[in-house]
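>>> here is a sequence with its predicted model. Questions after.
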Amino acid sequence: RLDVAKRQVNAIIDQLGPQDRMTVIAVGAAARIVASVTGDRDTLHRAVNAITASNGAADLSAALAMAAGLVRAGDDARAYLFTDGIVQPLRASFAAGLPFPVEYHRVGVSGENVGLTSLTVRTSAQARAAYLHVQNFGQQPRSVTVEWRADSRLVDVRPLALAAGQAQDLVLPVPGDATSVTARLATGDIFALDDTATAVARTPRAFRVLLVTPGNVFLEQALRLRTDLQIDVAAPPAYRASATYALTVFDRFAPPGLPQGPLVMIDPPSGSALAGGQPIGIGRVRAVDAGDPLLANVDLQDVHVARSQDLRSSTFGRALISSGQTPLVLVRDEPFRQVLVGFDLHESDLPLRIAFPILVQNLSEWLLPPSVPSHSFHPDEPITIVPEAGATSVNVLRPDGSRRALATGSIATFGDTDAIGLYTVEQVIAGTVQRSWFSVNLFSDPISQLKPPDRLTLPPTRTTVTQATHHGQLEIWPWIALAALGVVMAEWLAFHRGL
């Protein structure tokens, strides 16, 4: 499809008149101008032909905003969008329209594709197993073969017959010594990017966490959902301060002296150092900032709290969750990352909502970020890597064998994740190399569906009235080619796929 899009754009370039100017914008995870306001056909042809496919999601909103910024009042501009229509949702900010019309040129026809859309490894007391989801997105029945490997060793082969639109879940064995597992559709199709899926099988390094509580099943189970946390539970009378724990969670109990490190304090007793004012009735709760990363995927719309300590005068930190009466959950970064919850979880329906385990997961990953997250990421998604204490070098080995060095003194963001597959993070500590892993997979049903839409919902054209200030002279560059060869380049994701 990329080649088809290039041919179509090059045909428009050949039709440019002497007064026409064109800007070419490639749309990928980040929009970029590859040719700017020029009428030179050779320059435009070279820019278009040099565009290559990538695997990241296509941000059409960024491209449209960039194109709108190039248009001045009075310009007679038009955008040509070449895409298979598989793009991220447009931002609400475009409701007012664009200063030019956008003409959608559909690229591609076929939607026949079988893809691997999820792969997870789960560990129980008895064994480890992997769960693979296979989907036939096409309108024709397909017979495929799934090859199952552990560290490149062939473990199993499964033939599958899938009716049109049918999905199937497979449970596959994971050898005890495996670092990673990979599923591959041996029967190739027009879209190779979702024919392979990789997951990390090695158990990540565990953090020891102490939960001090008179009894709280909801909280204990939510903490145990994170597989790299080793949870010890103690009753308040048995609590003894210990430096062996990376995180301490106090539920309705506060010791005379708080640990010097990450902690969560829930409903501290009256008179203790972090206690708030007298309890007050609450009702509904709300997010202070719905866009806060700590509240990602946390739906608080149907959450209620009967009563909470009054934290309006607390100097603990910033409010994360609040109400009409008082802040309910406070967080702070200094001197350590810590959380204060002003209410007893048993006096709220929060533990009965799906929001609760997600909130606990978000907070625990903020309090104790893993050195290297071992789960799967999407192409071009940035990864936060926290170098281990004492690390003298940190390197990331990509699936293609290339190596990237990271700084060791602080938390690093690694964004070179375009390639699908297994990434290895090597850290040298006291002369010894320690390795961790994460994977990158497509895992996107909208992309794997492939079939381009007949129509694409685009922003309306904003009409403006301008008054000429120079009579007898008109500046025109009527062609903006929003050559979404990144929509046809990125969101069809290196789609080297057929029509």
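Structure received.
>>> now the helices for the stretch 51-200 of the chain?
60-70 (DSSP state H, counting those that start in this stretch).
>>> so which residues of it form strands?
Shown for the stretch 51-200 of the chain, the strands assigned by DSSP state E, counting those that start in this stretch span residues 79-83, 102-106, 114-123, 128-136, 142-150, 153-162, 167-173, 180-185, 196-200.
>>> between these, which one is nearest to residue 377?
Set against residue 377 and scored by Cβ to Cβ, the strands of the stretch 51-200 of the chain come closest in strand 196-200, at 11.1 Å. To be clear about C-beta, it is placed using only N, CA and C from the backbone, and glycine gets the same treatment.
>>> three-state assignment of the residue nearest the centre of the chain?
Central residue of the chain (Cα atoms, centre = their mean): residue 381, 5.9 Å from the mean position. Recorded secondary structure, residue 381: coil (DSSP: H, G, I helix; E, B strand; the rest coil).
>>> thought it was touching residue 417?
Yes: counting by Cβ atoms under 8 Å, residue 381 does reach residue 417; the two are 5.9 Å apart.
>>> any shared contact partners between the two?
residue 440 (Cβ atoms under 8 Å, 6 or more residues apart in numbering).
>>> re earlier: residue 352: which of the strands of the stretch 51-200 of the chain is closest?
strand 114-123 (24.3 Å).
>>> name the helices or strands packed onto the closest one?
Packing contacts for strand 114-123, counted by 3 or more Cβ pairs under 8 Å, 6 or more residues apart in numbering; DSSP states H and E, involve strand 128-136, strand 180-185, strand 196-200, helix 445-448.
>>> now the last one, how far from the chain's geometric center?
So the one you mean is helix 445-448. 15 Å (Cα atoms, centre = their mean, to the nearest Å).
>>> buried sites along that helix?
For helix 445-448, burial by neighbour count (16 or more other Cβ atoms under 10 Å) applies to 447-448.
>>> what mean pLDDT does that helix have?
When pLDDT is averaged over helix 445-448, the result is 84.
>>> before we move on, what about the second one?
The predicted model assigns strand 180-185 a mean pLDDT of 96.
>>> most packed of the strands of the stretch 51-200 of the chain?
strand 79-83 (a mean of 26; mean count of other Cβ atoms under 10 Å).
>>> distance to residue 372 added to the strands of the stretch 51-200 of the chain, as CSV?
CSV is the format used below for the strands of the stretch 51-200 of the chain (distance: least, Cβ to Cβ, whole Å):
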stretch, distance to residue 372
strand 79-83, 35
strand 102-106, 41
strand 114-123, 16
strand 128-136, 20
strand 142-150, 20
strand 153-162, 23
strand 167-173, 24
strand 180-185, 13
strand 196-200, 9
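>>> out of those strands, flag the one nearest residue 271.
Nearest of those to residue 271, taken as Cβ to Cβ: strand 114-123 at 43.0 Å.
>>> alpha carbons of that closest one, as PDB, please.
Coordinates of the C-alpha atoms in strand 114-123 are reproduced here as PDB (Å, rounded to 0.1, in the frame of the first residue of the first chain):
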ATOM      1  CA  VAL A 114      -5.300 -13.600  10.400                       C
ATOM      2  CA  GLY A 115      -3.500 -12.100  13.400                       C
ATOM      3  CA  LEU A 116      -2.200 -12.800  16.900                       C
ATOM      4  CA  THR A 117      -3.800 -10.100  19.100                       C
ATOM      5  CA  SER A 118      -2.600 -11.000  22.600                       C
ATOM      6  CA  LEU A 119      -0.100 -13.200  24.400                       C
ATOM      7  CA  THR A 120       0.300 -13.400  28.200                       C
ATOM      8  CA  VAL A 121       2.300 -15.700  30.500                       C
ATOM      9  CA  ARG A 122       0.700 -16.600  33.800                       C
ATOM     10  CA  THR A 123       2.200 -18.400  36.700                       C
END
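>>> who touches it?
Against strand 114-123 from outside (Cβ under 8 Å, 6+ apart): 128-138, 142, 144, 162, 174, 181, 183, 185, 187, 189, 191, 194-201, 203, 227, 376, 441-445, 448.
>>> give me that answer again for 7 Å
128-137, 142, 144, 162, 174, 181, 183, 185, 189, 194-197, 199, 201, 203, 227, 443, 445, 448 (Cβ atoms under 7 Å, 6 or more residues apart in numbering).
>>> quick one: strands adjacent to that strand?
strand 128-136 (antiparallel) (DSSP bridges).
>>> kindly calculate the angle that the strand it pairs with makes with strand 196-200.
160 degrees (axes from the mean of the first three to the mean of the last three Cα atoms, to 10 degrees).
>>> now strand 128-136: average pLDDT?
92.
>>> taking strand 167-173 as reference, get the angle to that strand.
Going by the same axes, to 10 degrees, strand 128-136 makes 160 degrees with strand 167-173.
>>> thinking again about what came up before, would you mind saying which of the strands of the stretch 51-200 of the chain lies nearest residue 458?
strand 102-106 (4.7 Å).
>>> against residue 287, how distant is the residue nearest to residue 94 when sequence neighbours are not counted?
Closest residue in space to residue 94, ignoring its immediate chain neighbours: residue 459 at 3.9 Å, by Cβ to Cβ, 6 or more residues apart in numbering. Using Cβ to Cβ, to the nearest Å, residue 459 is found at 29 Å from residue 287.
>>> what's the answer for residue 21, then?
From residue 21 to residue 287 the distance is 46 Å (Cβ to Cβ).
>>> before we move on, the earlier item: out of the helices and strands packed on strand 114-123, which gets nearest to residue 428?
Per Cβ to Cβ, nearest to residue 428 of these: strand 196-200, 20.8 Å.
>>> what lines up beside that closest one in the sheet?
strand 180-185 (antiparallel).
>>> tally of neighbours for residue 462?
Residue 462: 13 surrounding residues under other Cβ atoms under 10 Å.
>>> model confidence at the nearest residue in space to it that is not next to it in sequence, what's the number?
Closest residue in space to residue 462, ignoring its immediate chain neighbours: residue 97 at 3.3 Å, by Cβ to Cβ, 6+ apart. Residue 97 carries a pLDDT value of 81.
>>> any idea how far residue 97 is from residue 461?
Residue 97 is 6 Å from residue 461, by Cβ to Cβ.
>>> then residue 277?
Distance of residue 277 to residue 461, given as Cβ to Cβ: 56 Å.
>>> which ones are touching the closest residue to residue 460 other than its chain neighbours?
Nearest non-adjacent residue to residue 460, counting by Cβ to Cβ, 6+ apart: residue 97, 4.3 Å away. Listed by Cβ under 7 Å, 6+ apart, the contact set of residue 97 reads 459-462.
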